[in-house]
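Chemist: sequence and predicted structure below; questions after.
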Amino acid sequence: MKILFIGPIFSTFTKVDIETLSAKFPLYLENASLGKSLKGAWNLITLTFRSFFKLFKVKAVYCWFADYSTFIPALLGKILGKKIYVVAGGFDVCYKPELNYGAKAKALRWFCVKNTFKLADHIFPVSQYAKNQLLSLIEVKEKRVKVIHNAIDCEKFFHYSKENASERHLILTVSGTYSSIEFKIKGLDRFIEMARLSPKYDFVLAGLRDSALSDAKKQGADIQNLRIIPGPLSIEKDLLDLYSKSSIYLQLSIDESFGLAVVEAMACGCIPIVSPAGALPEVVPSKEFIAFSDEELQVLIDKYFCSGSEIRAKMQEHSKKFDISQRKKELLAYF
């Protein structure tokens with residue numbers, strides 16, 4: 001069985017599924033990271049034409065996210081009798097009307113997203129939160145929806161965990177965000193303010209690009225204990241080293257469909273402290289790692305910064321819940 005795979009094929013989370021499916025089936029890959037303006041429109045047109053011809057060679061269409069790039073391939077695939085699979089868990093199921101954020105905030109994009117999901121035979125939200133969001137936004141039969149959590153290769157990260165607490169001197173957050181609105185969605189403004197309020201700790205904000213990077217540099221210009229590392233970053237060359245030097249990983253999003261970096265950090269032995277938003281409570285071991293206010297956040301940082309090897313080993317053990325082996329097993333059951 002050949003599969004047409006449409007998604008941001010160079011993203012870490014997408015590579016997991018490419019590896020999983022390509023081990024069993026031939027894949028035709030189409031990169032859905034289209035770019036902006038005229039370049040983005042041209043890339044969308046060419047992707048659609050390429051997909052049309054590939055549809056005659058495949059048995060299924062697999063979409064990582066629903067978007068502009070997935071509607072026509074899903075529609076034509078349905079007409080041709082192909083199985084349609086869609087992973088839900090990002091901009092497609094997020095909606096923050098007060099920030100004009102989410103696919104639903106843009107009429108044409110929402111038309112493509114909504115109808116991609118309606119055409120799907122199976123939908124795989126990356127968290128229970130993403131499933132709930134999907135069902136609240138779109139009328140689809142729940143029996144077609146199955147939560148399959150996002151995943152990482154835990155073993156890759158375990159080797160970089162450091163037991164010596166003195167080697168862990170950072171409080172870290174990682175985000176590949178590039179827009180000002182996502183800068184706020186990811187709670188990066190709050191992360192910077194926590195650095196300002198906690199001068200005895202060293203904070204690192206890594207991975208930002210474009211407008212988000214400019215916003216961070218502007219807000220944090222006068223904070224001596226904050227280091228901002230521009231993206232894009234490589235897991236092997238950059239992030240594993242940062243995770244291994246970090247005592248605490250903060251994720252202070254106001255909306256989050258999963259929180260992959262939180263899992264990566266736990267697998268490296270970091271202590272996660274998160275906001276109560278989105279799927280983050282699903283990812284951490286218990287509610288004791290959730291901060292509902294800045295005051296609680298400061299208390300948790302002080303409590304866990306000097307944590308020893310025992311609790312860090314527990315974080316690593318918990319990360320196995322999201323190991324790639326589990327996602328592979330659940331995903332392949334549908335093929």
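Modeler: Happy to help now that I have it.
Chemist: all strands of the protein, in order?
Modeler: 3-7, 27-31, 60-64, 83-88, 95-96, 101-102, 122-125, 170-174, 202-208, 226-230, 246-251, 271-274 (DSSP state E).
Chemist: dump those into JSON lines; add mean pLDDT, mean neighbour count and distance to L47 as well.
Modeler: (Glycine included, C-beta is placed from N, CA and C.) Listed next are these as JSON lines, based on pLDDT from 0 to 100; neighbours: other Cβ atoms under 10 Å; distance: least, Cβ to Cβ, whole Å:
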{"stretch": "strand 3-7", "mean pLDDT": "98", "mean neighbour count": "25", "distance to L47": "8"}
{"stretch": "strand 27-31", "mean pLDDT": "98", "mean neighbour count": "17", "distance to L47": "5"}
{"stretch": "strand 60-64", "mean pLDDT": "98", "mean neighbour count": "26", "distance to L47": "12"}
{"stretch": "strand 83-88", "mean pLDDT": "98", "mean neighbour count": "24", "distance to L47": "16"}
{"stretch": "strand 95-96", "mean pLDDT": "92", "mean neighbour count": "16", "distance to L47": "25"}
{"stretch": "strand 101-102", "mean pLDDT": "94", "mean neighbour count": "21", "distance to L47": "23"}
{"stretch": "strand 122-125", "mean pLDDT": "98", "mean neighbour count": "25", "distance to L47": "21"}
{"stretch": "strand 170-174", "mean pLDDT": "98", "mean neighbour count": "25", "distance to L47": "29"}
{"stretch": "strand 202-208", "mean pLDDT": "98", "mean neighbour count": "22", "distance to L47": "26"}
{"stretch": "strand 226-230", "mean pLDDT": "98", "mean neighbour count": "18", "distance to L47": "28"}
{"stretch": "strand 246-251", "mean pLDDT": "97", "mean neighbour count": "26", "distance to L47": "32"}
{"stretch": "strand 271-274", "mean pLDDT": "98", "mean neighbour count": "26", "distance to L47": "35"}
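Chemist: adding distance to R144, write those strands out as a markdown table.
Modeler: Formatted as a markdown table, these follow (distance: least, Cβ to Cβ, whole Å):
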| stretch | distance to R144 |
| --- | --- |
| strand 3-7 | 18 |
| strand 27-31 | 23 |
| strand 60-64 | 14 |
| strand 83-88 | 10 |
| strand 95-96 | 20 |
| strand 101-102 | 22 |
| strand 122-125 | 6 |
| strand 170-174 | 33 |
| strand 202-208 | 34 |
| strand 226-230 | 41 |
| strand 246-251 | 30 |
| strand 271-274 | 30 |
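Chemist: what about the longest helix seen in the chain, distance to the chain center?
Modeler: Longest helix in the chain, counting residues (DSSP state H): helix 37-54. Taking Cα atoms, centre = their mean, to the nearest Å, one finds helix 37-54 lying 25 Å from the centre of the chain it belongs to.
Chemist: please identify the buried residues of it?
Modeler: Buried residues in helix 37-54, counted by 16 or more other Cβ atoms under 10 Å: N43, L44, L47, T48, S51, K54.
Chemist: and for stretch 109-126?
Modeler: Going by neighbour count (16+ other Cβ under 10 Å), the buried part of stretch 109-126 is 109-110, 112-126.
Chemist: now swap in stretch 311-319 and tell me
Modeler: R312, M315, Q316, H318, S319.
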